[in-house]
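> Quick one: sequence and predicted model below, then my questions.
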Amino acid sequence: MTQKQVKYILKQSDFGHFLAGLIDADGYFRRGELAITLDKYDLSMGLALKSLFGGRCRFYKKRRAFNYELNTRAGLLRVAELTKDKFRLSKRLAQFNSDFRMGLNFPASALDLSPLANNAWLAGFSFGDGSLQIKLSIRRTLRNAPVRTQLMLQFSCEPSCEQLLNLVLVLEEAPTKEQCKRKLQFRWF
């Protein structure tokens with residue numbers, strides 16, 4: 001990424017929300033460090049973060065994943081400025097407000113309670129921990145019966161994010177909420 005591209009991305013107001021969603025999904029803060037675990041197919045995201053903030057990408061041999069790790073003060077301050085007051089997971093906010101921000105001498109942050117449709121937080125969260133599927137099914141129950149067409153939009157994520165996905169219910173039509181083996185799913189018909 002060129003410096004011009006980096007400056008353009010950082011000027012975008014929604015990038016901070018996207019980054020906060022990504023960290024809420026697959027990241028964690030420790031004193032003086034930010035780490036985000038990404039799938040090996042998301043290498044381009046790891047390299048983009050590396051060019052924006054510095055840091056490194058560390059690969060796991062036996063897993064299909066890698067860690068983006070950032071521990072430079074300048075990069076951490078830039079991330080803190082972009083994500084301040086944009087986290088929605090109380091666990092991640094607690095990590096940010098405890099040791100992480102103290103080491104940077106940065107003011108405390110608060111939970112973001114704005115509607116999900118107003119920013120890119122859900123896009124970042126979905127990139128890290130979600131799955132979006134669109135299914136079209138065409139059925140005929142009897143030979144002479146009319147054809148039934150059903151379009152379904154399904155969003156899935158890990159059960160730990162249930163408090164966040166309850167915010168999705170605020171969207172125009174309330175979806176059905178189903179708990180399957182390991183994921184929480186919301187479906188719109």
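Arrived safely, thanks for sending.

> Distance from the chain centre to the top helix by length along the chain, please.
When the chain is parsed with DSSP state H, its longest helix is helix 13-26. Distance of helix 13-26 from the chain centroid (CA atoms, centre = their mean, to the nearest Å) equals 6 Å.

> Name the residues of it that are buried.
For helix 13-26, the neighbour count (16 or more other CB atoms under 10 Å) marks 15, 16, 17, 18, 19, 20, 21, 22, 23, 24, 25, 26 as buried. All C-beta spots, glycine's among them, are computed from the backbone N, C-alpha and C.

> cool, stretch 97-115 as well?
Neighbour-count burial for stretch 97-115 [16+ other CB under 10 Å]: 97, 100, 101, 104, 106, 109, 112.

> From residue 112, how far off is the residue nearest to residue 14 when sequence neighbours are not counted?
Spatially, and ignoring its direct neighbours in sequence, residue 14 is nearest to residue 120 (3.9 Å; CB to CB, 6 or more residues apart in numbering). Look at residue 120 and residue 112: by CB to CB, to the nearest Å, they are 12 Å apart.

> Quick check: neighbours shared by those two?
residue 17 (CB atoms under 8 Å, 6 or more residues apart in numbering).

> Point to the residue nearest the middle of the protein.
residue 125 (1.6 Å; CA atoms, centre = their mean).

> element containing it, please.
Per DSSP states H and E, residue 125 falls inside helix 121-129.

> lowest-confidence helix or strand of the protein?
strand 176-179 (a mean of 50; mean pLDDT, DSSP states H and E).

> is it true that the residue nearest to the centre of the chain touches residue 24?
Yes. Taking contacts as CB atoms under 8 Å, residue 125 lies within contact range of residue 24: 5.7 Å.

> Could you point out which residue ranges in the protein have low pLDDT?
The chain contains residues with pLDDT under 70 at 1-11, 131-132, 140-141, 145, 151-189.
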